[in-house]
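just to be clear, the model below is a prediction. Sequence and coordinates:
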There are 4 protein chains.
Amino acid sequence: MSAGLARRTVAEALGTALLLAAVVGSGIMGERLAGGNVAIALLANSIATGAVLAALTLTVGPLSGAHFNPVVTAVAAWQGELRRADVTAYVVAQLSGAVAGVAVANLMFGGPAFSVSRHVRQGGAQFFSEFIATFGLLFVIVGCSRMQPRLVAFAVGAYITAAYWFTGSTSFANPAVTLARSVSDTFTGIRPADVPVFVLAQLGGATAAAFLTRWLFPGTPPKEAG
Amino acid sequence: MSAGLARRTVAEALGTALLLAAVVGSGIMGERLAGGNVAIALLANSIATGAVLAALTLTVGPLSGAHFNPVVTAVAAWQGELRRADVTAYVVAQLSGAVAGVAVANLMFGGPAFSVSRHVRQGGAQFFSEFIATFGLLFVIVGCSRMQPRLVAFAVGAYITAAYWFTGSTSFANPAVTLARSVSDTFTGIRPADVPVFVLAQLGGATAAAFLTRWLFPGTPPKEAG
Amino acid sequence: MSAGLARRTVAEALGTALLLAAVVGSGIMGERLAGGNVAIALLANSIATGAVLAALTLTVGPLSGAHFNPVVTAVAAWQGELRRADVTAYVVAQLSGAVAGVAVANLMFGGPAFSVSRHVRQGGAQFFSEFIATFGLLFVIVGCSRMQPRLVAFAVGAYITAAYWFTGSTSFANPAVTLARSVSDTFTGIRPADVPVFVLAQLGGATAAAFLTRWLFPGTPPKEAG
Amino acid sequence: MSAGLARRTVAEALGTALLLAAVVGSGIMGERLAGGNVAIALLANSIATGAVLAALTLTVGPLSGAHFNPVVTAVAAWQGELRRADVTAYVVAQLSGAVAGVAVANLMFGGPAFSVSRHVRQGGAQFFSEFIATFGLLFVIVGCSRMQPRLVAFAVGAYITAAYWFTGSTSFANPAVTLARSVSDTFTGIRPADVPVFVLAQLGGATAAAFLTRWLFPGTPPKEAG
């Protein structure tokens, strides 16, 4: 493993861990404090998630790409922006980081490191929501990365804050996130039995976006100042 | 149709579809979760809309201009920033995308693809609100596009989040958005009978802004780094 | 009057009008919808105000400086960044725009154009709050304008959103805004009798910041890319 | 003391004072208005804190570095970005500014300048939360400063808004902030007896981040446009 790849995979693992800590942690805090008003809990959860995603993308974007998401990594490799030999290391780092981040969140709120979620998330509307959520995410990431890469952190953070609200599933849009959220029986959890369908929908949305954006945004990214 | 125009119109259709999905979808989610507190629902709706608008403008701005709005397209053509021959294709793309986006939102929340809105929005204050909302939107878009084009996504997203709150009509400010919102009988809907007056007010506000900004911001946009 | 000054004063008048429409309008909407929870109303009011201020500063900043505030104009002139001959025109534009903006807000919500506020805002803590609010505002504007002028819109918008919450007076910090808010008997109003003390505190805070920042940020702004 | 150091320490003192005024002041306002819903109070508190932190970092970042935090200063010195001889002056400025800022907040809301907090914050989950909060903060600051320094204000503001929600302790992450918050018996206070453990956790998190980021982000920051 080259030194470069080691640093990039640690960046992906750490970034994904902090992302999951924020997703799950802010869900716990939101639900605890909101006095039963789920909209207020989701407002906190969505603002915290979008904000931390922007911050982490600004932090490691120039180093690893700040994917934090296996389908983003897959699309980047398919479109020639990441060496295919690096894909496995990236995905392993993201999955490990995501699970570790959930443990961090659970422990920060005094719970056990892991607990199996009982939050049911199923049905056609949920499947369609995850397809759309992931399609939109990849559309934004690929488009903005090609046209104005230094601003992609803002685009991704803003998109996710919005997508928590406008999709019926609150926009998981990420297989590593989905898997990891199954081991926290809290506000943002998902029942393990519902994970495969969510991941399938995410793969579908990402595939559609990969083909579309290859046609829509051809060529290499423009050079930016600096 | 040139390849360039095909890509640009797809970008406009897709962007407008995701914008409408976000407007209508976050309205449904907000109303469902807010427990009757309309301010909390509108807070979610306004933050989600502004955030997704910024994200989509960052994504396709350099490709199509990210108008997502027939009056923005009309003013851009009148001020020489879009070929007049492209206007029809842009507007058809925006209208189709908007209607499709509403169906996506309705389906993501388990409803029928379309339902006729019964949300009454009429009266002089609503008309005046739409005039001001659209005037302000065009003022911000034209001014910021001329002076510092790479930041227009932030200006437009911030303006719309604010305008949801400071206009009596919650700022539709867009004929394609207005028309499409008439086919969702949910939080952000508008009764079809009220659409024409809204569109008339929007045309008035856009016309006023077009003349004013032509005088206020003459000349071509400055070159920006990159 | 040179053509340049005409355009710049119209930009100041229009920007200040839209700023006041947003301040007062979002206050009315917030109070109407919040069901008695003042924190939710203020959250909407503070987010809308900060967002519109950032949008308007991005729009006319390169043209007129986007002061929208007599004390900002005065400090800019004193520090050599605006011709002293232009000060009167700027201040007249700001005051006229502010009053017009309040009428726009009142009319958008179906009220009379003007109504005298009965909102009592007095006492030492309010005076001290306005001193601090204005001191901080000028500190941010002058510092950020000198060091990284293209980002001042973000700094000012963020500061005002925060200052609505962290000052006991909700941070008027602007004599034109203060005067204009006395003619709207709504959420953001101020009793005319309380205006002079607020303005006095604002002048004090601005004067302190003017001297301090002249020492703290000497020299001319750095050239930025573009 | 060189003129440069005098200006930089005043910038650190003033920035830290305004930061604490915002943290404590928005906590008081939030609690007063939220009608017992702690989530709404924390939403206001977290948005105000993140926004003011971004604004202040944009204002004095190019002058002093905008540390506002002894552990940030320590890590910067250790990594060679600040002269070690300047560390004491920076830390004294931060501590003095923080305490002064708390007094400003208390006085703006009509309370006594200082009052000893009775807010209990103790236990392993709180300790672990502060370790993670500070680790993440330093990770973001060092990484973003190295890779794209002009955007660090946005990264830090966004991170702190999120960390208020995703850590069990609401993320103090700063010894000067922690100490100062012990002398305000309000929403954001901390009992003096709990301060040492919080500071210990913060030192641990900062140390871990310092070693990790030295390996992860080697070399000097890239030159940016302007």
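Now that the structure is in, tell me what you want to look at.

who's in contact with stretch A:195-208?
With Cβ atoms under 8 Å, 6 or more residues apart in numbering or on different chains as the test, stretch A:195-208 has contacts from A:71-72, A:74-75, A:121-122, A:126-138, A:169, A:172-175, A:178-179, A:182, A:190. Where C-beta positions appear, they are placed from N, C-alpha and C, glycine not excepted.

swap in 10 Å and give it another go.
Residues outside stretch A:195-208 that contact it (Cβ atoms under 10 Å, 6 or more residues apart in numbering or on different chains) are A:69-72, A:74-75, A:78, A:117, A:121-124, A:126-139, A:169, A:172-182, A:190.

pLDDT of it, averaged?
Average pLDDT, stretch A:195-208: 98.

quick check, distance from that stretch to the centre of its chain.
13 Å (Cα atoms, centre = their mean, to the nearest Å).

cool, stretch A:129-148 as well?
The answer for stretch A:129-148 is 12 Å, by Cα atoms, centre = their mean.

what's the closest residue to chain B within chain A in contact with, if anything?
Chain B sits closest to residue A:166 of chain A, with a gap of 3.3 Å, by Cβ to the nearest Cβ. Residues in contact with residue A:166 (Cβ under 10 Å, 6+ apart) are A:129, A:132-133, A:136, A:159, B:18-30, B:44-45, B:48-49, B:51-52, B:101, B:104-105, B:108-109.

these in helices, which ones?
A:129, A:132-133, A:136, A:159, B:18-30, B:44-45, B:48-49, B:51-52, B:101, B:104-105, B:108 (DSSP state H).

show me the shaky parts of chain A.
By pLDDT under 70, the low-scoring segments of chain A are A:1-3, A:219-226.

now with 90, please.
A:1-3, A:147, A:218-226 (pLDDT under 90).

find the centremost residue of it, please.
The centroid of chain A falls nearest to residue A:174 when counting by Cα atoms, centre = their mean (4.7 Å).

OK, contacts around the closest residue to that one other than its chain neighbours?
Ranked by Cβ to Cβ, 6 or more residues apart in numbering or on different chains and with sequence neighbours excluded, the top spatial neighbour of residue A:174 is residue A:69, at 4.3 Å. Residues counted as contacts of residue A:69 (Cβ under 10 Å, 6+ apart) are A:12, A:16, A:19, A:75-76, A:90-91, A:94, A:98, A:134, A:137-138, A:141, A:156, A:173-177, A:202, A:206.

switch the cut-off to 7 Å
Neighbouring residues of residue A:69 by Cβ atoms under 7 Å, 6 or more residues apart in numbering or on different chains: A:94, A:174, A:176.

so which of those sit within helices?
Cross-referencing the contacts of residue A:69 against helices under DSSP H gives A:94, A:176.

now tabulate the contacts of residue A:69 in a markdown table and tack on distance to residue D:38.
Shown next, in a markdown table, are the contacts of residue A:69 (distance: Cβ to Cβ, whole Å):
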| residue | distance to residue D:38 |
| --- | --- |
| A:94 | 34 |
| A:174 | 30 |
| A:176 | 32 |
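
which strand or helix spans residue A:12?
Assigned by DSSP states H and E, residue A:12 belongs to helix A:3-33.

packing partners for that helix?
Contact analysis of helix A:3-33 by 3 or more Cβ pairs under 7 Å, 6 or more residues apart in numbering or on different chains; DSSP states H and E lists helix A:38-64, helix A:87-108, helix A:175-181, helix D:38-64, helix D:124-147, helix D:152-166, helix D:195-216 as its packing neighbours.

what angle separates that helix from helix A:152-166?
Here the directions of helix A:3-33 and helix A:152-166 differ by 30 degrees (axes from the mean of the first three to the mean of the last three Cα atoms, to 10 degrees).

sort out which residues of helix A:3-33 are buried, please.
For helix A:3-33, burial by neighbour count (16 or more other Cβ atoms under 10 Å in any protein chain shown) applies to A:5, A:7-31, A:33.
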